[in-house]
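K.L.:
Here is a sequence with its predicted model. Questions after.
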Amino acid sequence: MHFHGHNTEITASNAWHEYDRQLWLSRKNAVLIEPQGPYKAADGGIGKLESQDGLKRLLDEVMSVLVQEGVAPAGAQLGRLALSGHSGAYKPISYCIKVGGVG
């Protein structure tokens with residue numbers, strides 16, 4: 001999961017840094033999740049991810065969609081999770097660690 005930084009948005013951030021291309025070139029069996037944070041603002045807020053178990057609920061929803069779309073088999077579970085970001089992304093990452101509900 002990657003969080004964009006201050007004063008940008010995920011589409012531009014991905015275009016600049018090519019996170020999706022980097023993942024594809026790595027040939028890893030992984031899913032890239034890029035939540036849209038505050039749009040082009042100097043704000044480190046991340047909405048519902050700041051609430052208790054917010055990260056767990058988001059990841060449960062992602063897994064559900066992956067199963068519905070046939071990308072993952074029924075009963076699939078999340079493996080390892082890496083949190084990354086730049087600039088103001090320290091704040092959403094800290095919320096995910098502190099109250100996210102994922103060990």
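P.N.:
Nice, I can see it. Residues are numbered from 1 along each chain as shown.

K.L.:
who touches the helix or strand bottoming out on mean pLDDT in the chain?
P.N.:
The weakest-scoring helix or strand in the chain, judged by mean pLDDT, DSSP states H and E, is helix 10-17 (a mean of 90). Outside helix 10-17, the residues that touch it by Cβ atoms under 8 Å, 6 or more residues apart in numbering are 4-5, 19-20, 34-37. C-betas here are computed from N, CA, C, even on glycine.

K.L.:
If we only consider these, which is nearest to residue 84?
P.N.:
Here the nearest of the contacts of helix 10-17 to residue 84, counting by Cβ to Cβ, is residue 19; it sits at 8.7 Å.

K.L.:
need the contact list for the closest one.
P.N.:
Shown in contact with residue 19 (Cβ under 8 Å, 6+ apart): 2, 13, 32, 34.

K.L.:
Can you add distance to residue 63, neighbour count and secondary structure and give the residues you listed back as TSV?
P.N.:
Shown next, in TSV, are those (distance: Cβ to Cβ, whole Å; neighbours: other Cβ atoms under 10 Å; DSSP: H, G, I helix; E, B strand; the rest coil):
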residue	distance to residue 63	neighbour count	secondary structure
2	18	21	strand
13	24	22	helix
32	14	13	coil
34	16	16	coil
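
K.L.:
May I see the buried residues of the least confident helix or strand of the chain?
P.N.:
Within helix 10-17, the residues that count as buried by 16 or more other Cβ atoms under 10 Å are 10, 13-14.

K.L.:
got a winner among the contacts of helix 10-17 for most neighbours?
P.N.:
Highest neighbour count within the contacts of helix 10-17: residue 4, with 28 neighbours (other Cβ atoms under 10 Å).

K.L.:
That one: what's it in contact with?
P.N.:
10, 12-13, 34, 36-37, 85-87, 89.

K.L.:
quick check, nearest of the residues you listed to residue 76?
P.N.:
Closest approach between those and residue 76, by Cβ to Cβ: residue 34, at 20.3 Å.

K.L.:
Please enumerate the helices of this structure.
P.N.:
Along the chain, counting by DSSP state H, helices occupy 10-17, 19-26, 54-68, 90-99.
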